[in-house]
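> need the 3D shape of this:
(one chain, ligands or ions: 2)
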Amino acid sequence: MSQLPLGFRERYGAALDAYVADPSDDALAQAHEMGRLAVTAGIGVAEVARLHFELVGRHVTAPEGTSRPTQRAAAFLAEAASAFDDELGELRRSNEAMKQSSLHLDELVTQGTERYRAMFDDNPMPMWIYDRETLAFVVVNEAAVRHYGYAREEFATMTLADIRPSEDVPALRDNVARASHFDEGRMWRHRKKDGTIINVEVRAHEFQVGKRSVRLVLSNDVSERVRSEEALRKTEEQLRHAQKMEAVGRLAGGVAHDFNNLLSVILSCAELMLDDLKPVEPMRQEVEHIRKAAGRAADLTRQLLTFSRHQVLEPKIIDLNEVLANMDKMLQRIIGVDVQLELVCAAALGRVRADPGSIEQVIMNLVVNARDAMPVGGKLMLETANVMVDEERAREHFGTNPGPHVMLAVSDTGIGMDRVTQARIFEPFFTTKERGKGTGLGLSIVFGIVQQSGGSVWVYSEPGKGTSFKLYFPRVDEAVDEVRSTVRPATLRGTETVLLVEDDEQVRAVARGILRRHGYHVLEASNGGEAMLLCEGHARPIHLLVSDVVMPHMSGPELARRLAQIRPEMKVLCMSGYTDDSIVRHGVMDSDIAYLQKPLTPETLTRKVREVLDGRGAG
Ligand SMILES: Nc1ncnc2c1ncn2[C@@H]1O[C@H](COP(=O)(O)OP(=O)(O)OP(=O)(O)O)[C@@H](O)[C@H]1O
Ligand SMILES: [Mg+2]
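Numbering: from 1, shown residues only. Ligands and ions are numbered 1, 2, ... in the order given. You can find the predicted model right below:
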């Protein structure tokens, strides 16, 4: 018999006493409530009833006139008895249900097992159970069979080591030996039957079957995710590299620009002095030194400009096979006898738009590097091909657009490079060669020229195995331009009128001096506006405009365009040590304007002036 809750008897008794003293409906309801509470609390109707009799009994013998409570108590008893019946009935019913359900238990157990098996077998993720000691597969699911390509019977004869690349097997054994009860999300490389290596994230859970420890493994193929993460990392790296090169390029270009004006003055003055000094004059030697040093500085400046993509290129439509064929003999000479040269030229090679002289320089620089990488001989291969760059490859190689390209590959069997070196090779002045052997500008120049021509450079190299540089140029459909060879003018002198426009006063003075010495009549202006006024006020013919390209307010080409309207017969020669994207797009000059690269020397200036006046200079 269940125990009455603490103080219940007292509270119930008090409720009944209150009712006897004041037989109101409220007091009766209070007493009933107490009884009902006891029943719902599971105390049992019988116990409540017994208590009721006991307590009510005290009141049945109450004095005359108090019979009403007795009737009420009898009604309550009837109510309690029916609740008792209800409780019993409920008990009986649940007993019945239990009997019924135990009949279905076996069926349920069978159904449950099947459901669990289906959860394993039909699971879309590859799963298996393996023996921890032998690593043998105990059972594999359907997804594993589909994903890895082995049949169930094959799996039955295999161990975990068979789905690992061999170099990962020691790590696998080590990991299983140290594995905890539950392994969460470890990355591994697995090998499918067809040899494909996939990246998987593995979760494992260990349990016992009899005396054996087995592990349930869930393998999630994340190769696609790993690939895209890797591609993203590469793109970021390339972007950072491109930004770095851009910054270094801007710096180099800026320095080169100012240097070219200074060198124009130094070189030209040295040349002019040498012209004036007699061969026996003792000062001649010093001036020669000045000229030589300035010449070397000019070379360096030109290389920096090339790297910074501010050199002015004069692009033509060219056939790279022809360029290679023309260079063949020279290349043989460069590489020497120990290196074997192989040319593989694609038939029907597409054309590209590039500056032929610069492309030759690119090839030379790559070939010299290849030779240096093969000190004891080897093989140098130059190869051309038509290549279609698809979206994916373009994404992989920053700065390359999808579409038809012409590829030029320069490959060697030399010492190769590690990744650290590869990351820096295009930086100006980066060299691994000993002092005095390399300036570290070769590849910077390659990089600058190829980029400026709209192409890109891809490098493949492995230490000890060799290196391959692949240059990709966008393919164009136009016919090859005829490359006019410039005929050396017979004389460097003339009597024509030249309008010289240059904002740097010293350079202007030197250029004026050179031209006058060579017989020309020189009009000069320090900017475009002045030049236009001068033209308007000059009644006689002006044969040639020699103008700096980069000037404040009005650029050289812009001045030329405006003057062409009032003096259409006047020829134009632009000179610059630097180009700016806003004036000459990507440093590629309008091909019908003749162009002279600074620093000036008396020789280069007078020759170009003569060429343009005689109608051979442009293009
Ligand atoms: N084919 C190659 N094989 C191995 N390493 C190379 C190859 N080409 C370039 N390198 C590496 O890249 C570095 C930079 O090359 P780069 O042509 O810019 O300069 P350099 O050859 O050292 O000097 P420079 O060309 O100015 O005389 C080299 O010093 C070398 O370490
Ligand atoms: Mg080099």
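> show me what from the chain comes close to ligand 2.
369, 442 (Cβ under 5 Å from the ion). Backbone N, C-alpha and C define where each C-beta goes, glycine included.
> which element, helix or strand, includes L218?
Per DSSP states H and E: L218 is located in strand 212-221.
> tell me the average confidence for that strand?
Strand 212-221 carries an average pLDDT of 91.
> do stretch 321-338 as well
If you average the pLDDT over stretch 321-338, you get 90.
> quick one: residues contacting A423.
Contact partners of A423, counting by Cβ atoms under 8 Å, 6 or more residues apart in numbering, are H241.
> flag the shaky bits of the stretch 201-350 of the chain, pLDDT-wise.
Along the stretch 201-350 of the chain, the parts satisfying pLDDT under 70 run over 309-312.
> over to the closest residue to ligand 2 within it: give its phi and psi.
For the stretch 201-350 of the chain, the residue closest to ligand 2 is Q303, as judged by Cβ to the ion, at 11.2 Å. Backbone torsions of Q303, given as degrees, to the nearest 10, read phi -70, psi -40.
> in contact with the residue lying closest to it once chain neighbours are set aside, which residues?
Once flanking residues are discounted, Q303 sits nearest to L441: 4.7 Å by Cβ to Cβ, 6 or more residues apart in numbering. Going by Cβ under 8 Å, 6+ apart, L441 touches 300, 303-304, 307, 428-429.
> from ligand 1, how far out is L441?
From L441 over to ligand 1 the distance is 4 Å, taken as Cβ to the nearest ligand atom, to the nearest Å.
> next, give phi and psi for that residue.
When read as degrees, to the nearest 10, the backbone of L441 gives phi -100, psi -10.
> and the gap between it and Y116?
70 Å (Cβ to Cβ, to the nearest Å).
> tell me the strands beside the strand holding L218, with direction?
Paired neighbours of strand 212-221 in the sheet (DSSP bridges): strand 127-131 (antiparallel), strand 197-209 (antiparallel).
> pick the most deeply packed of these.
Across these, the average number of neighbours (mean count of other Cβ atoms under 10 Å) peaks for strand 127-131, which reaches a mean of 20.
> what's the first helix or strand after that strand?
As assigned by DSSP H and E, the chain's next helix or strand after strand 127-131 is strand 137-140.
> roughly how far is that following strand from the heart of the chain?
In terms of Cα atoms, centre = their mean, to the nearest Å, the centre of strand 137-140 is found 40 Å from the chain centre.
> tell me which residues in stretch 505-518 are buried?
Buried residues in stretch 505-518, counted by 16 or more other Cβ atoms under 10 Å: 507-508, 510-512, 514-515, 518.
> so which of those belong to helices?
Within the buried residues of stretch 505-518, residues falling in helices by DSSP state H are 507-508, 510-512, 514-515.
> how about those in CSV, adding pLDDT and distance to ligand 1?
CSV is the format used below for those (pLDDT from 0 to 100; distance: Cβ to the nearest ligand atom, whole Å):
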residue, pLDDT, distance to ligand 1
V507, 93, 29
R508, 95, 34
V510, 94, 30
A511, 95, 31
R512, 95, 37
I514, 94, 32
L515, 96, 36
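> might you report the residue contacts of whichever residue of the stretch 351-500 of the chain sits closest to ligand 2?
When distances are taken as Cβ to the ion, the stretch 351-500 of the chain reaches nearest to ligand 2 at G442, 2.6 Å away. Neighbour list for G442: 365-366, 368-369 [criterion: Cβ under 8 Å, 6+ apart].
> quick one, which of the contacts of L441 are buried?
Neighbour-count burial (16+ other Cβ under 10 Å) applied to those gives 303-304, 307, 428.
> from these, which land in helices?
303-304, 307.
> ok, and which of those reach ligand 1?
The subset of those within reach of ligand 1, by Cβ under 6 Å from any ligand atom, is empty.
> state the distance from the residue in the stretch 1-150 of the chain that ligand 2 sits nearest to to M330.
Nearest residue of the stretch 1-150 of the chain to ligand 2, counting by Cβ to the ion: G149, 47.9 Å away. Remark: distance between G149 and M330 (Cβ to Cβ) = 54 Å.
> Three-state assignment for L343, please.
Using DSSP: H, G, I helix; E, B strand; the rest coil, the structure places L343 in strand.
> show me what it is bridged to.
For L343, the beta-bridge partners under DSSP bridges are L382.
> i'd like the first residue to be 654 from this point on
With 654 as the first residue, the last one maps to L996.
> burial measure for it, as a count.
Per other Cβ atoms under 10 Å, the neighbour tally for L996 reads 15.
> so it touches K982, yeah?
No: contact criterion Cβ atoms under 8 Å: L996 and K982 do not qualify, at 11.9 Å.
> ranges for the helices of the stretch 954-1103 of the chain?
Taking DSSP state H, counting those that start in this stretch as the criterion, the stretch 954-1103 of the chain carries its helices at 973-988, 1009-1025, 1044-1049, 1072-1075, 1095-1105.
> isn't P1009 up against L973?
No: with contact defined as Cβ under 8 Å, P1009 does not reach L973; the gap is 9.9 Å.
> those two: who's more crowded?
L973 (25 against 19).
> list the contacts of the more buried one.
L973 neighbours (Cβ under 8 Å, 6+ apart): 1002, 1005, 1012, 1037, 1059, 1061, 1126.
> ChimeraX command for the buried members of those residues?
Of the contacts of L973, the buried ones go into a single ChimeraX selection, burial set by 16+ other Cβ under 10 Å:
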select :1002,1005,1012,1037,1059,1061,1126
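> identify, from the contacts of L973, the entry nearest to ligand 1.
Taking Cβ to the nearest ligand atom as the measure, ligand 1 lies nearest L1061 of the contacts of L973, at 14.5 Å.
> low-confidence regions, the protein specifically.
654-662, 669, 672-673, 676, 688-765, 962-965, 1136-1141, 1231-1245, 1269-1272.
> residues of it that sit close to ligand 1?
1018, 1022-1023, 1026, 1065, 1067-1070, 1074, 1078, 1083-1086, 1091-1097, 1120.
> PyMOL command to pick out the buried ones of those?
PyMOL command restricting those to the buried ones, with burial defined by 16+ other Cβ under 10 Å:
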select buried, resi 1018+1022+1023+1026+1065+1067+1068+1069+1070+1078+1083+1084+1091+1093+1094+1095+1096+1097+1120
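> and the strands in the stretch 1154-1272 of the chain, which stretches?
Counting by DSSP state E, counting those that start in this stretch, the stretch 1154-1272 of the chain has strands at residues 1174-1178, 1197-1201, 1224-1229, 1247-1250.
> can you redo these as CSV with mean neighbour count?
CSV is the format used below for these (neighbours: other Cβ atoms under 10 Å):
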stretch, mean neighbour count
strand 1174-1178, 18
strand 1197-1201, 26
strand 1224-1229, 25
strand 1247-1250, 21
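> chain center to stretch 1153-1168, what's the gap?
48 Å.
> outside of it itself, which residues are in contact with it?
The contact list for stretch 1153-1168, computed with Cβ under 8 Å, 6+ apart, reads 914, 917-918, 921-922, 925, 1151, 1175-1181, 1183-1184, 1198-1201, 1204-1205, 1209, 1212, 1251, 1253, 1255, 1258-1259, 1262.
> now do the SS call for the spatially most central residue of the chain.
The centroid of the chain falls nearest to T888 when counting by Cα atoms, centre = their mean (1.1 Å). Here T888 is helix, with the state taken from three-state DSSP.
> nearest residue to it other than its sequence neighbours?
Of all residues not flanking T888 in the chain, F1051 sits nearest, at 6.2 Å (Cβ to Cβ, 6+ apart).
> contact partners for that neighbour?
By Cβ under 8 Å, 6+ apart, the residues touching F1051 are 888, 891-892, 894-895, 1109.
> nothing else from me, thank you.
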